[in-house]
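Trainee: predicted model follows, preceded by the sequence.
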Amino acid sequence: MSPLDQVVARIGAAIPGARVQILPNDSPSGQHSLLVDHEHAVAVAKFLRDDPDLQLDHLANVTGVDWLDATVKEKAKVRKVINGAEKEVEETLERKKPGFLEAVYHLYSIARNHGPVILRLRTGNRIDQVRVPSLTPIWRGAEFQEREIYDLYGIVFDGHPDLRRILMWDEFQDHPMRKDYVEPDDYEYEPTAHDKVLEKAKKHHTAADRPQL
């Protein structure tokens with residue numbers, strides 16, 4: 001298979017305006033990935049599937065990732081007055097890095113026997129900009145996996161044919177795979193509370209809820 005930089009160049013030639021960035025992976029696997037802009041994501045996915053040299057016809061899996069807000073420390077040179085003289089000194093500055101959510105797609109070619117190519121779609125933040133385009137129209141195997149990510153992480157997939165919860169019940173609040181998710185003491189819609197859930201729920205029971213002897 002062509003190196004990723006060549007794949008990116010071919011995407012740019014086939015889809016003018018597409019913004020595709022190679023994200024390096026320094027782990028032993030060395031599986032670098034492609035971050036794709038929302039506007040061209042579906043067109044890029046179709047190109048990867050239909051290009052005769054790539055033929056990425058198999059979507060192995062889709063997963064969600066939650067990146068919390070972070071503080072990044074950076075070294076910078078600043079000018080300061082020290083003992084009456086202006087000098088350039090190095091300081092460590094802190095910068096706030098907003099969090100975001102990601103949907104990560106692992107693609108292979110059955111026809112060409114190569115892969116993976118990893119695509120990433122990233123939300124604007126973790127609060128009110130949580131939409132990305134669905135790739136289910138390109139790889140039908142994404143349908144249930146995008147629903148699972150929607151359910152557990154809260155990413156909204158625009159263009160999905162049937163976006164609704166798949167593991168949690170409809171009335172469930174929040175998204176339990178978020179890193180800052182706090183499990184409630186009492187599940188309002190839990191029909192048969194038991195074990196640890198039941199023990200925590202007892203704190204909220206009134207006298208009327210307790211069995212009469």
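Mentor: It's in.
Trainee: quick check, central residue of this structure?
Mentor: Nearest to the geometric centre of the chain sits residue 102, at 1.5 Å (C-alpha atoms, centre = their mean).
Trainee: contacting residues for it?
Mentor: Under the criterion of C-beta atoms under 8 Å, 6 or more residues apart in numbering, the neighbours of residue 102 are 64-65, 67, 120-123. To be clear about C-beta, it is placed using only N, CA and C from the backbone, and glycine gets the same treatment.
Trainee: which among the residues you listed end up buried?
Mentor: 64-65, 120-123 (16 or more other C-beta atoms under 10 Å).
Trainee: reformat the residues you listed as CSV; add secondary structure.
Mentor: Output for the buried ones among the contacts of residue 102, formatted as CSV (DSSP: H, G, I helix; E, B strand; the rest coil):
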residue, secondary structure
64, strand
65, strand
120, strand
121, strand
122, strand
123, coil
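Trainee: ok, those residues vs residue 160, which is closest?
Mentor: Nearest to residue 160, judged by C-beta to C-beta, of the buried ones among the contacts of residue 102 is residue 121 at 12.5 Å.
Trainee: and that closest one, what are its bridge partners?
Mentor: Note on residue 121: beta-bridge partners by DSSP bridges are residue 103.
Trainee: burial of residue 86, as a residue count?
Mentor: For residue 86, the neighbour count with other C-beta atoms under 10 Å is 8.
Trainee: just checking, it is part of a helix?
Mentor: No - residue state for residue 86 (three-state DSSP) corresponds to strand; a helix is not indicated.
Trainee: how near is it to residue 80?
Mentor: Look at residue 86 and residue 80: by C-beta to C-beta, to the nearest Å, they are 7 Å apart.
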